[in-house]
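Trainee: structural data only, the sequence is not supplied:
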């Protein structure tokens, strides 16, 4: 892995750790947001491995779907989870009212764990 890709994985792991701490503290909106960012950094790292870089979240999500989900390089569930996590992040960051339930925040954290692990295995198999 290049240093840039490794840096994105470091950010992903740190975001996941922050999300897990936020859940323990009862801050579910912010936990879901950090878990989404963990997944976003992983998607960005995988695309960087292909020599691709994007400046918007929607472009990263779209390119990840095109390059990894549609091609079968990774299970398409990761693309679906990334989309769903972004929706929850938008609710957590910008919504007012009821907020994100604990169970949803925990689910997004679980998705992030699985996504990080799958991406690391994928990249290790390519080296």
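Mentor: All right, it came through fine. Keep in mind that this is a model prediction, so the values were computed, not measured. Numbering: from 1, shown residues only.
Trainee: tell me which stretches of this protein form strands.
Mentor: Counting by DSSP state E, one finds no strands in the chain.
Trainee: for stretch 114-127, buried residues please.
Mentor: Residues of stretch 114-127 classed as buried by neighbour count (16 or more other CB atoms under 10 Å): 115, 116, 118, 119, 123. The C-beta positions use only the backbone N, C-alpha and C, and glycine is treated the same way.
Trainee: tell me how far it lies from the chain's centre.
Mentor: 14 Å (CA atoms, centre = their mean, to the nearest Å).
Trainee: contacts for it?
Mentor: 1, 5, 9, 12-13, 16, 38-39, 42, 45-46, 49, 73-75, 78, 81-82 (CB atoms under 8 Å, 6 or more residues apart in numbering).
Trainee: sort out for me which of the residues you listed are in helices.
Mentor: 5, 9, 12-13, 16, 38-39, 42, 45-46, 49, 78, 81-82 (DSSP state H).
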